[in-house]
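*Asks:* need a 3D model of the following:
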Amino acid sequence: MKSATKLVLICLLLGAYTLHASLSVTVSPTTITNNYVGTIQLSISNLSSAGAKVRVDRFLDVNGDGVVDGNEWAGQSFYVTDGQLPIIGGIRNSNVPGDDDGLANQSILTHVPYPNVNQTLDHLAGQYIYRVTDLGNSATATALLQVEQPVLPQGVTGQVFAAGGTPLGNAPVLVTPQTGNNGFGTVSDSSGHFTIYAPPGNYGLISVYAGQVANGNGGVSIGSGVFATDNVTNVDSDGTTITGQVTDSETAAGLPGIAVQAQTTNGQFVYIATDPNGDYTLSVNTNNWSVKLSDGEGTILGYCRGPVTKLTADASSGSVSGVNFQLIKGNALVYGTVTTTQTNPVPSLTMQASDTNNLIFDSAGLTDKNGNYSEAIVAGGDDAGPDGSDLTGYVSPSLAFFTVSSGQAIEANFVLQPVSAFLSGVVQDNNGSPLGNLQLIADPTNDPTGALNQNFQSAPDGSFSVGVGPGGWNLFVECNAANSADLISQQLTVSVTNGENLSGLVLIAQHATGTIYGRVTDSSGDPLTSVNMFANTTVAGAFYVSGCDNTDSNGNYSILSFPGDWTVGGSYPGMINQNVNVIGSSSNLLNFVVSSQSNAPTLSHPVLSGGQIEFQILGNTNQNYRIDVSSNLLSNGWL
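*Replies:* I've put the predicted structure just below:
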């Protein structure tokens, strides 16, 4: 009997051990390079129960010891529930990991997109720790991923130092492009030395080290086949902090792994990610800081950025708390493919979406290796398309405009035209001085909506070069950038063919000497608000346009000018252009009265997307309009 009892006890103990086996996680592949495009597979076993939920946190293991230390924060966090997939309107949100085995069986097989929306951070080479936390019993398990740099014939080498000159070992170092979302980085060795391999280009160079402030004014130019040498010296934090929380806009639940950054006007920079409760603490110094959430934050959790993405934190007198942000849970989806005109997929392209008025949300996604994308959005009137700053080598396509309901998925596919011609030259003022670091626009002459604009920047010496497609193009300084510098840009119209490099162009932006100002009202004297105003003139055969001004709540406007004969007008239906002669540095008063009888409604900007038509109605303020639809307007007596 004693032997039988012992056998039973042993079996019970073995059974209990089997039932309570430890949580485990494995990673595949275990090693990748930071130019890899694909997924990272996580296999999670021995959950506390069928249908259990886990949180996955990914830490950069800066000292390489395989243990999550206090100065190593989770730069990526997400949740996965056993047996569940992130599906909206029957379509999988490819940015959000789910249980790909589809079974509530106490195990999870999930695939994490690589790179994620923030490609610069995902391109930071080093050892990473995936830590899985079972939210049913708080058990944890870890696995390692090694991200290596591919060896390239060029890059930058140097050393990282603290403010006092002490070398900073195990410090993340990054090169960030002037435009786009495709930086690279590594972790310095124990003496602070680093080598970053990167494509040729001009980059910012920073080191984001826990408890220190990065000096974001550093820059490096990497030539083809050449290694630049540049050191990085950080600024000490003086104990001042900026604290806050990132939460769900409806439930107020804290959101983990959300990147929060802060910057000063003189280029100092800090970065941290929120903890599991959504809290963050930025170690800064006494200064006035701008705190923001980067594009695409919350994407891996299925969230969109809310209308407030940047806040001011005046820490000049000490620490600041309560700098909080909210993200909006996506309740609809836009998805599709991005290919070239040769039907080739376009991988790792940042996609953006927002409400059509840019007042509620914006979101981001990333195309996979097959050119497929999806991104969470908010129900209503929305638009989506490739991020123009990430379109190197392609001409910007039109955005897709659509109306989407909660729980609905809308398909929007894009075909990109590769750059086949170039426009190059210099932008200068009317005195012949070069205008560097100005935002410029090239817009096809057959694009009345401005949706196909190519945005680019002049170099410090005023030179510029932009890739375009064949046809006519208008070149000009972006009007907000021009207004900020008291400039009025020429609109230079040119035409190119496939393979042509049209060089030697000179784009002039004249210094403003005065203003044209006034008030826009209806015939009853009531102000007309948000009317987009413009003015143009021709001087010595050059056509100049002044704009980027909307009437305020009182109907007032003010547009920059210089001497000449100007035509002034606005976007309101029935508004008639007026002429004014500007002499010297005078400011000229020019009021507009729009006749009520002329305010007949008009339809504009029709767009077909996803089987739906969207258009804008322009008409009287506070007036209701009925819209009728027919396939034959004549037979219905409407025409």
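
*Asks:* three-state assignment of P153?
*Replies:* Put simply, P153 is coil when judged by DSSP: H, G, I helix; E, B strand; the rest coil.

*Asks:* surely it is in contact with G223?
*Replies:* No. Using CB atoms under 8 Å as the test, P153 is too far from G223 to be in contact (10.2 Å). To be clear about C-beta, it is placed using only N, CA and C from the backbone, and glycine gets the same treatment.

*Asks:* mind listing the shared neighbours of these two?
*Replies:* Counting by CB atoms under 8 Å, 6 or more residues apart in numbering, no residue touches both P153 and G223.

*Asks:* count of neighbours near T515?
*Replies:* 20 (other CB atoms under 10 Å).

*Asks:* again, but for G432
*Replies:* Neighbours of G432 using other CB under 10 Å come to 9.

*Asks:* try G158
*Replies:* By other CB under 10 Å, 22 other residues sit near G158.

*Asks:* counting by contacts, list what the helix or strand L144 falls within packs against.
*Replies:* Assigned by DSSP states H and E, L144 belongs to strand 140-148. When contacts are defined as 3 or more CB pairs under 8 Å, 6 or more residues apart in numbering; DSSP states H and E, strand 140-148 sits against strand 24-28, strand 31-33, strand 38-45, strand 126-134.

*Asks:* so where is the stretch 351-500 of the chain shaky, pLDDT-wise?
*Replies:* 448-451 (pLDDT under 70).

*Asks:* in it, which spans are helices?
*Replies:* Applying DSSP state H, counting those that start in this stretch to the stretch 351-500 of the chain gives helices spanning 479-484.

*Asks:* where along it do the strands fall?
*Replies:* Per DSSP state E, counting those that start in this stretch, the stretch 351-500 of the chain carries strands over the ranges 362-366, 372-377, 380-386, 394-395, 400-404, 409-411, 414-418, 421-429, 439-444, 454-457, 463-468, 471-477, 487-490, 492-496.

*Asks:* so which of those is the most packed in?
*Replies:* strand 362-366 (a mean of 27; mean count of other CB atoms under 10 Å).

*Asks:* in terms of secondary structure, what does that strand contact?
*Replies:* Packing partners of strand 362-366 (3+ CB pairs under 8 Å, 6+ apart): strand 303-305, strand 350-355, strand 372-377.

*Asks:* neighbouring contacts of that strand?
*Replies:* 94-95, 113, 115-117, 119, 295-296, 299, 303-305, 309, 330, 348-354, 373-377, 387.

*Asks:* could you check how far that strand is from the centre of its chain?
*Replies:* In terms of CA atoms, centre = their mean, to the nearest Å, the gap separating the centre of strand 362-366 from the centre of its chain is 7 Å.

*Asks:* and if you look at stretch 447-461?
*Replies:* On CA atoms, centre = their mean, the centre of stretch 447-461 falls 17 Å from that of its chain.

*Asks:* between the two ends of that stretch, what distance do you get?
*Replies:* 30 Å (CA to CA, to the nearest Å).

*Asks:* contact partners of that stretch?
*Replies:* Here stretch 447-461 has contacts from 178-179, 388-389, 395-399, 426-427, 434-444, 464, 466-468, 478, 605, using CB under 8 Å, 6+ apart.

*Asks:* how many other residues sit next to E297?
*Replies:* 28.

*Asks:* wait, isn't it in contact with L327?
*Replies:* Yes. Counting by CB under 8 Å, E297 touches L327, with 7.2 Å between them.

*Asks:* quickly list what's touching both of these two.
*Replies:* V246, I258, Y303, R305.

*Asks:* how about the helix or strand the first one falls within: buried residues?
*Replies:* For V246, the element it lies in under DSSP H and E is strand 240-248. Using 16 or more other CB atoms under 10 Å as the test for burial, strand 240-248 gives T240, T241, I242, G244, Q245, V246, T247, D248.

*Asks:* so which elements touch the helix or strand just after it?
*Replies:* Using DSSP H and E, the next helix or strand after strand 240-248 towards the C-terminus is strand 259-263. Here strand 259-263 touches strand 240-248, strand 268-273, strand 279-284, strand 288-293, going by 3+ CB pairs under 8 Å, 6+ apart.

*Asks:* to A540, which of those strands lies closest?
*Replies:* strand 288-293 (41.9 Å; CB to CB).

*Asks:* tell me which strands that closest one pairs with, and in which orientation.
*Replies:* Taking DSSP bridges as the criterion, strand 288-293 sits next to strand 259-263 (antiparallel), strand 310-314 (antiparallel) in its sheet.

*Asks:* taking strand 240-248 as reference, get the angle to the first one.
*Replies:* By that I understand strand 259-263. Interaxial angle, strand 259-263 versus strand 240-248 (axes from the mean of the first three to the mean of the last three CA atoms, to 10 degrees): 140 degrees.

*Asks:* before we move on, what about the last one?
*Replies:* Here strand 310-314 runs at an angle of 150 degrees relative to strand 240-248 (the same axes, to 10 degrees).

*Asks:* what does stretch 479-492 contact?
*Replies:* In contact with stretch 479-492 (CB under 8 Å, 6+ apart) are residues 429, 435, 438-439, 474-477, 505, 507-512, 542-549, 560-562.

*Asks:* need the distance between the two termini of that stretch.
*Replies:* Counting by CA to CA, the terminal residues of stretch 479-492 are separated by 14 Å.

*Asks:* if we can go back for a sec, a markdown table for the helices and strands packed on strand 140-148, including mean pLDDT and mean neighbour count?
*Replies:* Shown next, in a markdown table, are the helices and strands packed on strand 140-148 (pLDDT from 0 to 100; neighbours: other CB atoms under 10 Å):
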| stretch | mean pLDDT | mean neighbour count |
| --- | --- | --- |
| strand 24-28 | 98 | 16 |
| strand 31-33 | 97 | 14 |
| strand 38-45 | 97 | 18 |
| strand 126-134 | 98 | 20 |
